[in-house]
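A.B. asks: Have a look at this fold, sequence not included:
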Ligand code: PXP
């Protein structure tokens, strides 16, 4: 059973280094360089989302990450045949299934597992057989967590976006309600034997309450860290996030 002293891992999402690179269509800033720097700064893993429209991370980035990383790669992808083929070719440490809509600016909600259980169970089986840890990005919703468990996922990543948005909007009652849902569903998921991760929209201001949940084993954080890197450097931003996570855990 997880104890409050279990270490909390920080996965650094480098997608938005690629967003800036792609804005000019050239080679800089290089997401691989950012990944290596994040590794040196204490990231426990690197997360990258290969979207169907390749708007940020490219196939070549994934190839490069598989070659240069010494920490695990958490490969985020939609549950499509194309992505399954790519994941099976690279066999990253973890595959995180996320919903994807072409018109969205970012991953807006959790994956609808309960309504697509049969297909997803068949979809993840070969990924598990290939040795990938299968994670499902879902809302803090008991029905979805139970479905993720039934299909054989080893990990769920709880979507912290609603909590972070409410905080940013100053809607404290919604923020606290969302946080409570995350807390309850972390406990519930762990009771089923699922490893619990969390992420989306986390910042220096919002990370601590989530990091304090003893069931949460990993946080995946990207956009805020890459933005903060403009002002203080990536290593410094990661060190500060790590410090806040450790303080919450202590
Ligand atoms: N976890 C998952 C599954 C995501 O899709 C994302 C966004 O790509 C993140 C974590 C990181 O979110 P953010 O970039 O807002 O920190």
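C.D. replies: Here it is on my side, so go on. Keep in mind that what you see is a predicted model, and the values were worked out from it rather than measured.
A.B. asks: What's the mean pLDDT across stretch 235-246?
C.D. replies: What stretch 235-246 shows for mean pLDDT is 98.
A.B. asks: Give me the buried stretch members for stretch 53-63, please.
C.D. replies: Using 16 or more other CB atoms under 10 Å as the test for burial, stretch 53-63 gives 56-58, 61-62. Just so you know, the C-beta spots here come from the backbone N, C-alpha and C atoms, and that holds for glycine as well.
A.B. asks: Would you format the residues you listed as TSV with pLDDT, distance to residue 27 and secondary structure included?
C.D. replies: Shown next, in TSV, are the buried residues of stretch 53-63 (pLDDT from 0 to 100; distance: CB to CB, whole Å; DSSP: H, G, I helix; E, B strand; the rest coil):
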residue	pLDDT	distance to residue 27	secondary structure
56	97	14	coil
57	98	14	coil
58	98	11	coil
61	98	11	helix
62	98	16	helix
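A.B. asks: Save those residues as a markdown table, and put in distance to residue 187 too.
C.D. replies: Shown next, in a markdown table, are these (distance: CB to CB, whole Å):
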| residue | distance to residue 187 |
| --- | --- |
| 56 | 34 |
| 57 | 33 |
| 58 | 39 |
| 61 | 36 |
| 62 | 34 |
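A.B. asks: near the ligand, which residues of the protein show up?
C.D. replies: With CB under 6 Å from any ligand atom as the criterion, the chain comes near the ligand at residues 13, 15, 49, 76, 96, 98, 106-107, 137, 157, 199-202, 220-224.
A.B. asks: Just confirm residue 198 is within a strand.
C.D. replies: Yes. Residue 198 sits within a strand when classified using DSSP: H, G, I helix; E, B strand; the rest coil.
A.B. asks: now the closest residue to it other than its chain neighbours, what's its secondary structure?
C.D. replies: Of all residues not flanking residue 198 in the chain, residue 158 sits nearest, at 4.5 Å (CB to CB, 6 or more residues apart in numbering). When classified by three-state DSSP, residue 158 comes out as strand.
A.B. asks: ok, now which ones touch residue 158?
C.D. replies: Residue 158 makes contact with 110, 138-140, 182, 185-186, 189, 196-199, 216, according to CB atoms under 8 Å, 6 or more residues apart in numbering.
A.B. asks: Using TSV, lay out those residues together with pLDDT and neighbour count.
C.D. replies: As requested, the contacts of residue 158 are exported to TSV (pLDDT from 0 to 100; neighbours: other CB atoms under 10 Å):
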residue	pLDDT	neighbour count
110	92	24
138	97	27
139	96	19
140	97	25
182	98	24
185	98	23
186	98	25
189	98	26
196	98	24
197	98	27
198	98	28
199	98	26
216	98	29
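A.B. asks: Just the element for residue 122, please.
C.D. replies: helix 117-129 (DSSP states H and E).
A.B. asks: Mind listing what's buried along that helix?
C.D. replies: Neighbour counts over helix 117-129 (16+ other CB under 10 Å) mark 120, 123-124, 127 as buried.
A.B. asks: Looking at those, spot the one nearest residue 87.
C.D. replies: Distance to residue 87 across those (CB to CB) is lowest for residue 127, with 6.0 Å.
A.B. asks: Read off the pLDDT value for the closest one.
C.D. replies: 98.
A.B. asks: That one contacts residue 89, doesn't it?
C.D. replies: No. Using CB atoms under 8 Å, residue 127 is not in contact with residue 89, being 11.7 Å away.
A.B. asks: hmm, which of the residues of the chain next to the ligand are the buried ones?
C.D. replies: 13, 15, 49, 76, 96, 98, 107, 137, 157, 199-202, 220-224.
A.B. asks: Perfect, I'm done here.
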